[in-house]
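Asks: Give me a 3D structure for the following:
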Amino acid sequence: MNEHTEAVKSNLGEAGAHLKQAASVAGGAVKSAASAAGDELRLGKAQVKAELADGAAAGLGAAEHLGGAASEQINVLMDKGRDLLDSAAELIRERPLVAFGVAFAAGFLLSKLARSDR
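Replies: Numbering: from 1, shown residues only. Purely as a prediction, here's the structure:
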């Protein structure tokens, strides 16, 4: 019995040593994984910050040009309005009676519409 007991103790001692070594290796692996994950997280965070900064700069650039673009559009609309007024003035000069008739008819219709709303 003594021989078997010693064999069991020896085997259990060896198993314990292997378990201890496995735990140590697992701890090291977890530490390495955590370190690598931390490095990746820091890198990702830096990349996100850079992209956000680039996006903000592009947005500010667009805002700077927004006033100029609005001014250009206003100028185009003003030119179209002037062209329309010039065309109307030319039509009135060419056919004053037709222009007066159209204006009278439009005024008459507007007054009828305004009275029918009441």
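
Asks: Ile92: how many residues sit nearby?
Replies: 14 (other CB atoms under 10 Å). All C-beta atoms are positioned from the backbone trio N, CA, C, and that covers glycine.

Asks: The most centrally placed residue in the chain: helix or strand, and which one exactly?
Replies: Of all residues in the chain, the one closest to the mean position by CA atoms, centre = their mean is Gly55, 8.7 Å from it. Secondary structure from DSSP states H and E places Gly55 in helix 2-94.

Asks: Tell me the gap between the helix or strand following that helix and the middle of its chain.
Replies: Sequence order places helix 96-117 as the next helix or strand after helix 2-94, per DSSP H and E. Distance, stretch centre to chain centre, for helix 96-117: 51 Å (CA atoms, centre = their mean, to the nearest Å).

Asks: tell me what helix 96-117 is packed against?
Replies: Applying 3 or more CB pairs under 8 Å, 6 or more residues apart in numbering; DSSP states H and E, one finds that helix 96-117 contacts helix 2-94.

Asks: which other helices and strands contact the helix holding Gly55?
Replies: For helix 2-94, the packing partners by 3+ CB pairs under 8 Å, 6+ apart come out as helix 96-117.

Asks: which residues touch Gln73?
Replies: Residues near Gln73 by CB atoms under 8 Å, 6 or more residues apart in numbering: none.
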